[in-house]
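[1] requesting a structural model of the entry that follows:
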Amino acid sequence: MEKALKLDQIVKSPNICDLLDPKDRDDIGRYAQEGYERDKTSRKEWEMRQADANKLALQVREDKNFPWPQCSNVKFPLVTVAAMQFNARAYPALVNANDLVKCQIFGNDTDGSKKAMGERIADHMTWQNLEQDPRWEEDHDKLTLVQAIAGCAFKKRVFDPGIGRQVSCLVLPDNFIIDYYTRDLDSSQRYTHTFFLSKNDIAQREIDGRYCPVKDVPADPKQKSNDEIVVAMDTRQGVYAQQADEATPYFTGEQYCWLDLDDDGFEEPYIITFDIASGEVRRIVARFLPSGIKKRDGKVYEITPVQLFTKYGFIPSPDGGFYDLGLGSILGPINETCNTLINQAIDATTMAMLGGGFVGRGFKSKSGPFTFQPNQWFPVDAPGDDLRKNILPLPVREPTQVLFNLLSLLINYGERIVSATELQVGENIGQNTPAETARTMDENGSRVYNAIYKRTWRAMRDEFRTQAHLNEMFLDQDEDYPQLLRAGMVNVNDYRQSGISVKPAADPNIVSDGERVKQAQELVMLSNQMPGFNRYQCGLRLLKARKTNNINEIYPQPMTQGPDGKPQPAQDFPPPPDPKMLEIQIKQSAQQLEQQKFMVESQETKIKLQGELMQVQAKVLNLQAQAQLFVAQAKSAEMEPEIKLIYAEIEQGQSRSEHLLRLLDLFDGSSHANADRKAGLIQEAMNASGKSGGNGVGGMEKPPQNPAIAGTLASLGPGTSGFMAQ
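    Numbering: from 1, shown residues only. As a prediction, this is how the structure comes out:
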């Protein structure tokens, strides 16, 4: 280094090129260019295998000249179906439009502030990915396909000051060149991300100060068009690169490497942006923060680099290689063998159908070789017997059953590797198969992919953590931040608090909609049967599993009264009553109803008794008056029995009156009988009143009467025999 820099200068500079000597900048450009070429050469064989895998998966049509020109070259879609199956399952399972990011809370949260903060962060990050960044969901859909075929793909997240927001982009493995000794991104000494930049892109970055002006270098499209993978892609699309013109973009590299720019003997991580064709450096920026520098005895001994890339792997390489295994690597050999067997069968059938063979000298024809069409005849100068002797058909055997058995064996085992059997691809496995058996087969058949889903889930978690870290540093510079702040959606300080970790909202253990709905239904059922469950969250989970839109409109959050008397959101519905307490309350309510009914009936009986008492007393007085009159008018001793009978009835009326008074004393509470005895007597009186039908109270029966006496009483006037009539 001609000029050593200081770490504080390096960290604060938007482009370290402005601080470097031109010679040092050129040396760094050559270092980056040579490193890229070296890494590119080290993976040449990988690129060839990757190109073949893409041709298999993408069904690229190619001409074949063996065993004859334009012979059969069918590609069996084994890799294609497997990749589409993974994409169809993983993409909707991991990317849910209603819920993408959620936060996990660590530590005490007695007042619920951390939970509210986590909900704000989760909602904001979901909005960033699904609404603010229009490329994220489309790139993630494509990522699952690339991940399945190639074995790995990469996502890059940066804050773009040009558009004023955080952006993400899908990086194909072809555009991500790593050092030969790389085993993971955290410890890699060098890797390069390649991409194209138009003249306007470069001019914009030069104007805002991110790039430094360089001498005019011509664009060289051949730097990219010679790749095996690019050739396979162009062949599939039917397009080819032409000579460079004004619209040709610049093939640019962004190299993540380590340099010692402060000349202290310890290298620091940097990002070098350079033109791959010329090696001209456009930008150098530090890839670390002051908080990531650790010193001992005044010397730097560790620097933690900022990670912008997230690797999405398919199946880890058992040999420890960086590039994971994809369907192209696992199924490629089996797929190629299936292609060979199928093409052999087609070629053999073609030879058997079209024919061919040898013609002897005795066959005389002036028109040369014959090729026949339907209903076509050729004249020849030879007798029929000589013609038959001079023509020998080529002995071509038709495809044997062994070939088809071998082909079936390979296809079956290929489908078992990727769990793409009839059940997994939606085909009928048999009409008589029990539903539970089919469900178990589907669950067991999906176990191969379940591990891959979990790896993808972990990669999404790492990407979201990178997103949260970038929000912590740059959210207050986002163009939409003022609106977010006014709406109360999120605050940059939310990301700077500790005790909150982000992760995908998707469950890595459940990948099918049926399993997700079934689990949610079971939770709802348990929440209604057992205490301790959050019934609102269980119901909310069921609606989300069914992918219901506008959930807040049809299932609003429960509200409760706050300390200030105003309504505020509640965590759950009020708890349901205890079944035992509810049973006791029901019994108490029934007893109260019975008591109220008893009181009403008692009051009615009391009124009836009072009325009857008044009637009895009035009739007794009437009888007494009539008896005195009857005695005064008696003319002989023969009337004495009748008079005694009248007095007997008066005595009976008085006895009934006393009985009615005793019953009324029970109703008024003036009786000294105990409560149970009193209640029994009241009930007895009520029953007697109800049964008498107007014939008496308290079980008094109508006494028998002498017909002669009844007639005598009747002659005395109305109401005389009233006691007997009651």
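[2] show me which residues of the helix or strand hosting residue 344 are buried.
    Element membership for residue 344 (DSSP states H and E) is helix 327-354. For helix 327-354, burial by neighbour count (16 or more other CB atoms under 10 Å) applies to 327-332, 334-335, 338-339, 341-345, 347-348, 351. The way it works is simple: take the backbone N, C-alpha and C, and place the C-beta from them, glycine included.
[3] and stretch 150-169, by the same measure?
    150-157, 159, 165-168.
[4] quick one: contacts of stretch 482-500?
    With CB atoms under 8 Å, 6 or more residues apart in numbering as the test, stretch 482-500 has contacts from 103-107, 109, 114, 117-118, 120-121, 123-124, 127, 468, 471-472, 475-476, 478, 481.
[5] buried set for that stretch?
    Quick answer for stretch 482-500 (16+ other CB under 10 Å): 484, 489, 490, 491, 492, 494, 495, 500.
[6] tell me where the stretch 1-150 of the chain has helices.
    Taking DSSP state H, counting those that start in this stretch as the test, the helices found in the stretch 1-150 of the chain are 7-12, 22-42, 44-58, 78-94, 113-127, 136-150.
[7] nearest to residue 235 among those helices would be which one?
    helix 44-58 (7.8 Å; CB to CB).
[8] now the closest one: mean pLDDT?
    Regarding helix 44-58, the rounded mean pLDDT is 93.
[9] packing partners of that helix?
    helix 78-94, helix 136-150, helix 228-237, helix 327-354 (3 or more CB pairs under 8 Å, 6 or more residues apart in numbering; DSSP states H and E).
[10] and it, how far from the chain's centre?
    Using CA atoms, centre = their mean, to the nearest Å, the distance from the centre of helix 44-58 to the centre of the chain it belongs to is 34 Å.
[11] okay, angle between it and helix 78-94 too, please.
    Going by axes from the mean of the first three to the mean of the last three CA atoms, to 10 degrees, helix 44-58 is angled at 80 degrees with respect to helix 78-94.
[12] for helix 44-58, buried residues please.
    Per 16+ other CB under 10 Å, helix 44-58 contains these buried residues: 46, 47, 50, 51, 52, 53, 54, 55, 56, 57, 58.
[13] quick one: the strands in the stretch 401-550 of the chain?
    Secondary structure of the stretch 401-550 of the chain (DSSP state E, counting those that start in this stretch): strands located at 500-504.
[14] which SS class is residue 642?
    What DSSP: H, G, I helix; E, B strand; the rest coil gives for residue 642 is helix.
[15] how far away is residue 56 from residue 117?
    49 Å (CB to CB, to the nearest Å).
[16] same check on residue 356?
    Applying CB to CB, the value for residue 356 to residue 117 is 80 Å.
[17] okay, these two: which has more neighbours?
    residue 117 (21 against 9; other CB atoms under 10 Å).
[18] ok, residue 380 touching residue 386?
    No - with contact defined as CB atoms under 8 Å, residue 380 does not reach residue 386; the gap is 9.5 Å.
[19] next structured bit after the helix holding residue 344?
    Sequence order places strand 357-359 as the next helix or strand after helix 327-354, per DSSP H and E.
[20] of all the buried residues of stretch 150-169, which two lie farthest apart?
    Among the buried residues of stretch 150-169, the pair separated by the greatest distance (CB to CB) is 151 and 165, at 31.4 Å.
[21] circling back to that earlier point, who does the helix holding residue 344 touch, helix- and strand-wise?
    Looks like helix 327-354 contacts helix 44-58, helix 78-94, helix 136-150, helix 401-418 (3+ CB pairs under 8 Å, 6+ apart).
[22] for that helix, what is the average pLDDT?
    93.
[23] stretch 274-286 now?
    94.
[24] do stretch 170-186 as well
    95.
[25] on that earlier part again, wait, which of the helices and strands packed on helix 327-354 is closest to residue 544?
    Here helix 78-94 is closest among those (CB to CB), at 13.0 Å.
[26] how close does residue 535 get to residue 307?
    Relative to residue 307, and taking CB to CB, residue 535 is found at 41 Å.
[27] mind listing what residue 25 touches?
    Residues counted as contacts of residue 25 (CB under 8 Å, 6+ apart) are 17, 281, 284.
[28] from residue 275, how far out is residue 186?
    28 Å.
[29] comparing the two, which shows the higher neighbour count?
    Higher neighbour count among residue 186 and residue 275: residue 275, with 24 against 8, using other CB under 10 Å.
[30] can you report phi and psi for the residue lying closest to residue 179 once chain neighbours are set aside?
    Closest residue in space to residue 179, ignoring its immediate chain neighbours: residue 190 at 4.4 Å, by CB to CB, 6 or more residues apart in numbering. Dihedral angles of residue 190 (phi, psi; degrees, to the nearest 10) stand at phi -170, psi 130.
[31] can you name the residues that contact residue 190?
    Counting by CB under 8 Å, 6+ apart, residue 190 touches 35, 39, 178, 179, 182, 255, 256, 257, 258.
[32] count of residues packed around the second one?
    I take that to be residue 39. 19.
[33] ok, now the first one?
    Residue 35 is flanked by 20 other residues according to other CB under 10 Å.
[34] what residues are up against it?
    179, 190, 192, 255, 257.
[35] mind redoing it with 10 Å?
    Contacts for residue 35 (CB atoms under 10 Å, 6 or more residues apart in numbering) come out as 177, 179, 189, 190, 191, 192, 253, 255, 257, 272.
[36] among these, which one lies nearest to residue 508?
    residue 191 (27.3 Å).
[37] OK, contacts around the residue nearest to that closest one when sequence neighbours are not counted?
    Excluding the flanking residues, the one nearest residue 191 by CB to CB, 6+ apart is residue 178, at 4.4 Å. By CB under 10 Å, 6+ apart, the contact list for residue 178 reads 39, 42-43, 184-185, 188-192, 256, 322-323.
[38] which member of those is positioned nearest residue 371?
    residue 43 (49.2 Å).
[39] with adjacent residues omitted, what lies nearest to that closest one?
    Per CB to CB, 6+ apart, closest to residue 43 is residue 177, 7.1 Å.
[40] so where's the stretch 351-500 of the chain uncertain?
    365-367, 419-448 (pLDDT under 70).
[41] one more: the stretch 201-350 of the chain?
    Within the stretch 201-350 of the chain, the segments meeting pLDDT under 70 span 219-226.
[42] pull the distance from the helix or strand hosting residue 597 to the chain's centre.
    Following DSSP H and E, one finds residue 597 within helix 579-633. Computed by CA atoms, centre = their mean, the chain-centroid distance of helix 579-633 equals 71 Å.
[43] quick one: average pLDDT of it?
    The average pLDDT within helix 579-633 is 83.
[44] wait, residue 251 sits on residue 198?
    No - Residue 251 is beyond contact range of residue 198, at 11.5 Å (criterion: CB atoms under 10 Å).
[45] looking at these two, which has the bigger crowd around it?
    Neighbours per residue (other CB under 10 Å) separate residue 251 from residue 198, with residue 251 holding more: 19 against 13.
[46] mind listing the residues bridging to the more buried one?
    residue 196 (DSSP bridges).
[47] okay, it and residue 276: tell me how far apart.
    5 Å.
[48] for residue 449, same thing?
    Counting by CB to CB, the gap from residue 449 to residue 276 is 38 Å.
[49] likewise for residue 151?
    Applying CB to CB to residue 151 and residue 276 gives a distance of 25 Å.
[50] next one: residue 118
    43 Å.
[51] could you do residue 46 as well?
    Distance of residue 46 to residue 276, given as CB to CB: 19 Å.
[52] same deal with residue 664?
    116 Å.
[53] check residue 3 too.
    For residue 3, the distance to residue 276 (CB to CB) stands at 26 Å.
[54] which of those two has more residues huddled nearby?
    The residue with more neighbours, out of residue 3 and residue 276, is residue 276; 21 against 11, by other CB under 10 Å.
[55] the contacts of residue 190 in helices, which ones?
    Among these, the ones falling in helices (DSSP state H) are 35, 39.
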